[in-house]
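Visitor: This is a predicted model, with the sequence first.
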Amino acid sequence: MALSIREVMNRELFALRPAESIADAIGYLVALGISGAPVIEEGKPVGVVTLGDLLAPREGATVRERMTSPAVTIDLHASIADASAALAERGVHRLIVTDDTGHAVGVASALDLLRGLIGAPIAHPPAFPHIDRRTGLSWSDDMKFDLDHVMTAPAAPGLLALVHGGAGEPERVVWAEDCEDVRARLAVLVSYVPDSEPPSLRNLLARSEHLRFRTAVAKSPKTRTRALKRVLDDAARLRLPAPLR
């Protein structure tokens, strides 16, 4: 459900420092449940190290001595197809995503790219919650808009966003709102939409086969109001054809 790598990458970047000890690096990777990490120096990637590199019976007491260098990087604005080609050509399992200044801003795995190519929702490791700096909230991964997935949403006050996408299409927030019970509200939207709902929302739900949803818990009404405005402002800047709340 994406066109560019920035839509599928994990923005919650965990990185190791070159001077990190082997024991500490292994401990961090095991605790987070990941198999490798970029090595960052002054904000820029200088290499990549995996558990295999760290556990191998080789000389070297620091990450710098065990890492593979240079790191395989990809520009933030690269397409999913170009990123996938880079993975295949270099024979690696993840790409370090960099911005226009060469600083690391995310990581994209082979599985992230595959999901993007086939239009599947992107999922990231539980150890890396998606904390959106614009809203200050921790958002769920995008999930299929059906009753089974809706019933896993939090039964708590918060925000919900409907996302339209698919294979070869950009990911777009097409509806967002705040509510007192996210799960209950989603259950209504996925099962029955009263005539009292805005026509724009009813039109979106009539084409629900391409919809995903994401949620964020926020107990404070002021927090929800502020976060919702930022979600809608960000979506409006993309000049989306679909109407917003």
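Guide: Yep, it's here.

Visitor: which intervals of this protein have sub-threshold pLDDT?
Guide: 1-2, 124-131, 166-169, 238-245 (pLDDT under 70).

Visitor: Which elements pack onto the top helix by length along it?
Guide: In the chain, with assignment by DSSP state H, the single longest helix is helix 221-237. Counting contacts by 3 or more Cβ pairs under 8 Å, 6 or more residues apart in numbering; DSSP states H and E, helix 221-237 is packed against strand 158-166, strand 169-179. Where you see a C-beta, it was placed from the backbone N, CA and C, and this is true even at glycine.

Visitor: closest to residue 77 out of the ones you listed?
Guide: Taking Cβ to Cβ, strand 169-179 is the member of those nearest to residue 77, at 12.6 Å.

Visitor: ok and the closest one relative to helix 221-237, angle-wise?
Guide: For strand 169-179 against helix 221-237, the angle by axes from the mean of the first three to the mean of the last three Cα atoms, to 10 degrees is 150 degrees.

Visitor: mind listing what's buried in strand 169-179?
Guide: Within strand 169-179, the residues that count as buried by 16 or more other Cβ atoms under 10 Å are 171, 172, 173, 174, 175, 176, 177, 178, 179.

Visitor: That one - which strands sit beside it in the sheet, and in what orientation?
Guide: strand 158-166 (antiparallel) (DSSP bridges).

Visitor: Export the helices and strands packed on helix 221-237 as TSV, with columns for distance to residue 20.
Guide: What follows is the helices and strands packed on helix 221-237, written out as TSV (distance: least, Cβ to Cβ, whole Å):
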stretch	distance to residue 20
strand 158-166	37
strand 169-179	34
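
Visitor: Compare those and give me the one nearest residue 14.
Guide: strand 169-179 (23.2 Å).

Visitor: Distance from the chain centre to that closest one, please.
Guide: Relative to its chain's centre, strand 169-179 lies at 14 Å (Cα atoms, centre = their mean, to the nearest Å).
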